[in-house]
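Asker: show me the folded form of this:
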Amino acid sequence: MCPTTGTVQLGRVLRPAAIPQQRWLPGHRGVDLALNVGEPVRAAGTGTVAVAGPVVGTPTVSIDHPDGIRTTYQPVYATVSSGETVTAGQVIGRLAPSTTGFPGLQWGAKIGSDGYLDPLTLLPLPVIRLKPLAAAAPARP
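Answerer: Numbers count the residues shown, from 1 in each chain. Prediction:
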C-alpha cells in the first residue's frame, strides 16, 4: 500500500530509489513521495512498530512486517508507539518538515541490516487496460 495515498495506487514520485550495489557506496536508499507537511502518512503493510521517534535528529517511524521487510518513513511525527501493531493503510503519523532539504516523504525498505530494496517493488503492478479505438469512419468516394 502506498504510504501517501492509503491505496495500492502510487502517489507522485519526487525522487526514485538508487540502491547502490555495495552498502558503502553512495545512493538513495528509498523513494521520495510528494506529500505536504502535516498530511497523514500510512503504513505500507501490517506489522509491528520498531521505531517511533528521532533517528539522528530526524523524526522516524519504522515498521517490521511479517515477511522480514522493515519499512521506514521520514520525516514523520509518529502517532504510534514502538511495539504497537499497525495495519496496512493505518495512519502512523504526519509528515514533518524536511531535515534534509528534500521535500516530501522518504519511504525506505530493507531486509536484514544491509539488504535495501526499492519500496516501489512492494506495491502491486498496475493493471493496464487498453480502450478499443472508435470505429473508423467509412472511406469517402
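Asker: use CA for all of it now, contacts and neighbours both
Answerer: OK.
Asker: excluding chain neighbours, what is closest to H28?
Answerer: A18 (4.7 Å; Cα to Cα, 6 or more residues apart in numbering).
Asker: got the contact list for stretch 118-125?
Answerer: Contact partners of stretch 118-125, identified using Cα atoms under 8 Å, 6 or more residues apart in numbering, comprise 1-2, 8, 10, 17-19, 29-31, 71, 107-109.
Asker: quick one, which of those residues are buried?
Answerer: 1-2, 8, 10, 17, 19, 29-31, 71, 107-109 (16 or more other Cα atoms under 10 Å).
Asker: confidence-wise, which of the residues you listed comes last?
Answerer: Among those, V8 has the lowest pLDDT, at 72.
Asker: give the contact list for the nearest residue to it once chain neighbours are set aside.
Answerer: Counting by Cα to Cα, 6+ apart, M1 is the residue found nearest to V8 once chain neighbours are left out, at 4.6 Å. Contacts here follow Cα under 8 Å, 6+ apart; on that basis M1 touches T7, V8, Q9, A43, A44, G45, A88, G89, L122, L123.
Asker: 10 Å instead, please
Answerer: 7-10, 42-46, 88-89, 120, 122-124 (Cα atoms under 10 Å, 6 or more residues apart in numbering).
Asker: and those, which are buried?
Answerer: Judged by 16+ other Cα under 10 Å, buried ones among these: V8, L10, R42, A43, A44, G45, T46, A88, G89, L120.
Asker: mind checking which of the contacts of stretch 118-125 land in strands?
Answerer: Members of these lying in strands (criterion: DSSP state E): V31, T71, W107, G108, A109.
Asker: helix, strand, or coil at F102?
Answerer: coil (DSSP: H, G, I helix; E, B strand; the rest coil).
Asker: mind listing residues that contact the biggest strand by length in the chain?
Answerer: Counting residues, the longest strand found in the chain (DSSP E) is strand 47-55. By Cα under 10 Å, 6+ apart, the list of residues contacting strand 47-55 from outside reads 43, 59-88, 92-93.
Asker: strands of the protein, start to end?
Answerer: Using DSSP E, strands in the chain cover 13-15, 31-33, 40-42, 47-55, 58-64, 69-74, 76-78, 85-86, 91-95, 105-111, 115-117.
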